[in-house]
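> Got a sequence here, can you build the structure:
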Amino acid sequence: MAGVDLAKLGLNLLKNATSEERVELRSLWRDQAVVILFLRRFGCQVCRWTAVEVSKLKEDLSANNVALVGVGPEELGLKEFQDGGFFKGELFIDEKKQTYKEMGFKRYNALNVVPAALGKKVRNIVTKANAEGIPGNFSGDLLQSGGMAIIAQGGEQVLLHFAQDSPGDYVPLENIVKALRITTSAQQGERPQCNTDVCT
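Prediction:
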């Protein structure tokens, strides 16, 4: 996690999406390792598909004393996300988006967001999400990117730091379990191959 001060990052406040209690980020890794999925938006179809994918590891993570946490940059779309059951971990809101800034998650602008959103990686996942009945919408901050962090218990070490380059980028399940040195029987969803018939 080059250039990010984990001690400083850990002081950022997140709001629990269920209880609305505000907690320091570092409390998430105080007593156990943690996989933190930073969502672009709760309505983002690719984010929802990724949340479903990562949730396949929930039982294996729990068995190895690893928490599964999702963080969103705003509350908009939260209830629909929760009602959809896309994520099996605990959800938080980074109301100030401070964690997103310190993690180095870029923001798009009006000029580059459309080409990024229409890129092949995004189209591939949208096709897969549609096939699995995972909907999405365009509500909320369309310019924010996301990523993932895996932090060892006690904040001793960053095991994985991933920042999206394209909105369609995500961490494969095999990379998550490898970073944690655990095993899983979960089957990773296949990203479809995109051609003009499938993606238009």
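
> contacting residues around Lys96?
Asn12, Leu13 (C-beta atoms under 8 Å, 6 or more residues apart in numbering). (C-beta placed from N, C-alpha, C; glycine too.)

> ok, the closest residue to Gln157 other than its chain neighbours - how many residues close by?
Distances taken as C-beta to C-beta, 6 or more residues apart in numbering place Ile151 nearest to Gln157, at 7.5 Å, with adjacent residues excluded. The number of residues packed near Ile151 is 28, by other C-beta atoms under 10 Å.

> average pLDDT for stretch 28-39?
Mean per-residue pLDDT for stretch 28-39: 97.

> In PDB, list the C-alpha atoms belonging to it.
What follows is stretch 28-39, C-alpha atoms only, in PDB (Å, rounded to 0.1, in the frame of the first residue of the first chain):
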ATOM      1  CA  LEU A  28     -12.400  -3.400  11.700                       C
ATOM      2  CA  TRP A  29      -8.900  -5.000  11.900                       C
ATOM      3  CA  ARG A  30      -8.200  -4.700  15.600                       C
ATOM      4  CA  ASP A  31      -9.200  -8.300  16.500                       C
ATOM      5  CA  GLN A  32      -9.100 -10.100  13.100                       C
ATOM      6  CA  ALA A  33      -7.900  -9.800   9.600                       C
ATOM      7  CA  VAL A  34     -10.400  -8.000   7.200                       C
ATOM      8  CA  VAL A  35     -11.300  -8.000   3.600                       C
ATOM      9  CA  ILE A  36     -12.700  -4.600   2.700                       C
ATOM     10  CA  LEU A  37     -14.600  -4.100  -0.600                       C
ATOM     11  CA  PHE A  38     -14.800  -0.400  -1.500                       C
ATOM     12  CA  LEU A  39     -17.900  -0.100  -3.800                       C
END
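
> Buried residues of that stretch, list them for me.
Leu28, Trp29, Gln32, Ala33, Val34, Val35, Ile36, Leu37, Phe38, Leu39 (16 or more other C-beta atoms under 10 Å).
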